[in-house]
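> The sequence and its predicted three-dimensional model are supplied below.
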Amino acid sequence: MNTKAKGRLESAISRLVTFQPLYGTVFLFLNKIQSQKVPTMGVGVVRRVDLALYYNPDFVMKLKDHELRAVLKHEALHVLLHHLTRAKHFSYNNKGYNIAADISINQNIEGLPEGCLTPELFNLPRDKSSEWYYETLKKESGDDGIEGYADGKGDLVDDHSGWADCADDDIVSEKVRNISEKAIKEQEKKGWGSIDG
């Protein structure tokens, strides 16, 4: 266990809980699991029905403070927007859907590490849903698939190979819904300020 990385992560989460509880509150309900198997960071499922934030301690330590908070916002949005179960619900390829979901949410987060996927890298319009980006990329990618089409255009800031580990989508969906409601209520107490619609 890298205690420095754990401390940095906890400090960044505490800052979000205090100043932007919409994002920070999400992490109060997730298991935090350090793992060298995950190249960066990602939300996923643990024990088949519980939610977790997996993080590589080396990745956490190399990020600047504002980048770490931005990546955490990115992960929180995956939870808040129910991305963990939407790929399966629509029978999408998990990695392709992760690319589309990243394009959809990254455009709303300032301070992400350089090279993150955005609509502009694909000459696509802004403010579309992850499903819209998925379907559009699927048409444009042809035989290469979305992963091949996206290769070299930018970087995934996260790893969501664990999205496919859901044993029971209904349980995970209900947990996500409860977390989202609590996060929204906490942000409403503080006011929405600069948080995008």
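Now that the structure is in, tell me what you want to look at.
> Checking W132 next. Helix, strand or coil?
Using DSSP: H, G, I helix; E, B strand; the rest coil, the structure places W132 in helix.
> In space, not sequence, find me the middle residue of the protein.
With distances taken as C-alpha atoms, centre = their mean, the residue of the chain nearest its centroid is E75 (2.8 Å).
> And that residue, how far from D151?
The gap separating E75 from D151 is 23 Å, by C-beta to C-beta, to the nearest Å. In this view, the C-beta of every residue, glycine as well, is placed from N, C-alpha and C.
> same deal with L84?
Distance from L84 to D151, by C-beta to C-beta: 24 Å.
> Give me the next element, helix or strand, following the host helix or strand of I33.
Element membership for I33, per DSSP states H and E: strand 31-34. Elements were assigned by DSSP H and E; along the chain past strand 31-34, the next helix or strand is strand 41-46.
> Tell me which other helices or strands that following strand touches.
Applying 3 or more C-beta pairs under 8 Å, 6 or more residues apart in numbering; DSSP states H and E, one finds that strand 41-46 contacts strand 50-55, helix 65-80, helix 83-89.
> What residues of that strand count as buried?
Residues of strand 41-46 classed as buried: 41-45 (neighbour count, 16 or more other C-beta atoms under 10 Å).
> picking that back up, need the helices and strands packed on strand 41-46 in CSV with distance to K189 and mean pLDDT, can you?
As requested, the helices and strands packed on strand 41-46 are exported to CSV (distance: least, C-beta to C-beta, whole Å; pLDDT from 0 to 100):
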stretch, distance to K189, mean pLDDT
strand 50-55, 23, 92
helix 65-80, 17, 96
helix 83-89, 25, 79
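> what about the ones you listed, which gets the closest to P125?
helix 65-80 (19.1 Å; C-beta to C-beta).
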